[in-house]
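[1] below is the sequence, then the predicted model.
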Amino acid sequence: MIPTLEQIKARIEQSVPGARLEIIPNGSPANQPSLLVSNEHAVDVAKFLRDDSELRLDYASNATGIDWLEKVVKEKVKVKRMVEGVEKELEETVEKKTPAYLEAVYHLYSMSLKHGPIVLRLRTENRTDKTHLPSLTPIWRSCEFQEREIFDLYGIIFDGHPDLRRILMWDAFKDFPMRRDYVAPDDYEYEPTPHDAVLEKAKCHFPIVETPEVKP
């Protein structure tokens with residue numbers, strides 16, 4: 001019988017001292033919860049998931065990035081207030097800020113035991129100057145190109161990756177196209193299938209040379 005995510009979490013906590021884990025619910029129709037793992041213990045947790053005899057999660061089918069911007073969440077809380085000299089319990093709405101961060105998400109399967117996925121999450125401290133995560137490529141070789149893609153498009157730096165360099169964008173490219181606040185350039189010199197909007201933007205940067213009409 002395949003262990004539940006709660007059972008897997010408990011076993012990891014017993015086997016990897018100090019590991020901090022949190023089950024992240026998923027409100028989508030798939031209802032696939034995931035396991036958020038503390039970065040300093042991520043490699044040891046990954047080894048456990050791969051080598052444990054009941055799990056044998058020997059294949060990482062997919063690794064992807066997510067960009068979470070700062071947001072304000074409204075919550076209703078119970079508070080005690082004095083109303084006309086009488087203490088009463090009232091319901092108030094408070095706002096809480098959720099800081100911005102980046103995530104790497106891994107989908108793990110067992111090819112030998114034929115079960116999965118178990119979804120693993122790693123989270124950066126922020127999305128500006130503390131964007132390092134441990135690479136899981138040493139545990140699952142299939143992560144190599146996918147972590148490079150996350151690095152290229154989201155800017156997560158995977159410590160311990162054997163060959164961390166851009167894989168889609170060119171080396172001199174400075175931005176991260178999959179971030180939510182990315183602004184695409186409007187100075188295209190060439191568009192294989194030019195659209196009206198692209199051509200209008202290009203007029204701001206490059207002179208439009210009218211082709212003279214050729215009369216028969």
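    Yep, that arrived.
[2] show me what the helix or strand that contains Lys78 is packed against.
    Assigned by DSSP states H and E, Lys78 belongs to strand 71-83. When contacts are defined as 3 or more C-beta pairs under 8 Å, 6 or more residues apart in numbering; DSSP states H and E, strand 71-83 packs onto strand 86-98. In short, each C-beta sits where N, CA and C put it, glycine included.
[3] mean confidence (pLDDT) on the strand holding Lys78, please.
    Averaged over strand 71-83, pLDDT sits at 84.
[4] who does that strand pair up with?
    strand 86-98 (antiparallel) (DSSP bridges).
[5] off-centre distance for the strand it pairs with?
    Centroid separation for strand 86-98 versus its chain: 32 Å, with C-alpha atoms, centre = their mean, to the nearest Å.
[6] then stretch 4-24?
    With C-alpha atoms, centre = their mean, you get 21 Å for stretch 4-24.
[7] for that stretch, measure first residue to last.
    End-to-end distance for stretch 4-24, by C-alpha to C-alpha, to the nearest Å: 14 Å.
[8] just the mean pLDDT for it, thanks.
    95.
[9] buried residues, the strand holding Lys78. List them.
    By 16 or more other C-beta atoms under 10 Å, strand 71-83 has no buried positions at all.
[10] can I get the CA coordinates of it in PDB?
    What follows is strand 71-83, C-alpha atoms only, in PDB (Å, rounded to 0.1, in the frame of the first residue of the first chain):
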ATOM      1  CA  LYS A  71       0.300  39.900  -2.300                       C
ATOM      2  CA  VAL A  72      -2.200  41.100   0.400                       C
ATOM      3  CA  VAL A  73      -4.500  38.400   1.900                       C
ATOM      4  CA  LYS A  74      -7.600  39.400   3.800                       C
ATOM      5  CA  GLU A  75      -8.600  37.300   6.800                       C
ATOM      6  CA  LYS A  76     -11.400  37.500   9.200                       C
ATOM      7  CA  VAL A  77     -10.400  37.300  12.900                       C
ATOM      8  CA  LYS A  78     -12.200  37.400  16.200                       C
ATOM      9  CA  VAL A  79     -11.200  40.300  18.500                       C
ATOM     10  CA  LYS A  80     -12.400  41.600  21.800                       C
ATOM     11  CA  ARG A  81     -13.500  45.200  21.900                       C
ATOM     12  CA  MET A  82     -15.200  47.500  24.500                       C
ATOM     13  CA  VAL A  83     -18.600  48.500  23.100                       C
END
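[11] run through who's touching stretch 121-129.
    24, 34-37, 39, 42, 67-69, 99-106, 130-134, 155-156, 179 (C-beta atoms under 8 Å, 6 or more residues apart in numbering).
[12] which parts of this structure are strands?
    Along the chain, counting by DSSP state E, strands occupy 21-24, 34-37, 59-68, 71-83, 86-98, 101-110, 115-123, 132-134, 157-159.
[13] for the residue lying closest to Glu70 once chain neighbours are set aside, give its distance to Glu125.
    In this structure, Glu70 finds its nearest non-sequential neighbour in Ala100, 4.3 Å apart by C-beta to C-beta, 6 or more residues apart in numbering. Counting by C-beta to C-beta, to the nearest Å, the gap from Ala100 to Glu125 is 10 Å.
[14] what residues are up against Arg166?
    Neighbours of Arg166 in contact, by C-beta under 8 Å, 6+ apart: Arg148, Phe151, Asp152, Phe173.
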